[in-house]
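> structure for this input, please:
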Amino acid sequence: MHSTCTWNLVCKLDVADRGNSCSRLESRVATVQWHGHGIARTRVSTTVDDELLTRAREVTGAHSDSVLFDRALDALLAHHRRAEIDSAYAAYDEHPLDEADEWGELASFRSAAAAS
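Sure thing, here's the model as predicted:
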């Protein structure tokens, strides 16, 4: 099995927004590419709050910590994507559907489309 491994020391990451008493965490990251193709995986070695990790394991039923971390990262990215989409809809709050512009107003278009 051929692998290449690159180690990087990640500077202390601020995790104060996580809501636990630990405000800093040290992490070492290894990037590993297996067989030269396939899914690239990154090895993460870190220290986390024991109670938080135990609760997360119990709640998710993940069969490994790598699955747990994959799920957590997916959830984090989904949360940020939802926030991006929500912020894009802010324009509708600034300009209601019945406000006219050079194309007309959306409220009557919506009513006409629903009637057809």
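> show me where this protein has its strands.
For the chain, the strands defined by DSSP state E cover 3-14, 24-34, 41-46.
> for the shortest one, packing partners?
Counting by 3 or more Cβ pairs under 8 Å, 6 or more residues apart in numbering; DSSP states H and E, the packing neighbours recorded for strand 41-46 are strand 24-34. Where C-beta positions appear, they are placed from N, C-alpha and C, glycine not excepted.
> average pLDDT across the strand it packs on?
What strand 24-34 shows for mean pLDDT is 45.
> same question, stretch 43-63
93.
> list the buried residues in that stretch.
Residues of stretch 43-63 classed as buried by neighbour count (16 or more other Cβ atoms under 10 Å): Val48, Asp49, Ala56, Ala62.
> what about Glu105, how many neighbours?
By the criterion of other Cβ atoms under 10 Å, Glu105 has 14 neighbours.
> gap between it and Glu94?
14 Å (Cβ to Cβ, to the nearest Å).
> Ala62 too?
42 Å.
> what does Ala107 give?
Counting by Cβ to Cβ, the gap from Ala107 to Glu94 is 16 Å.
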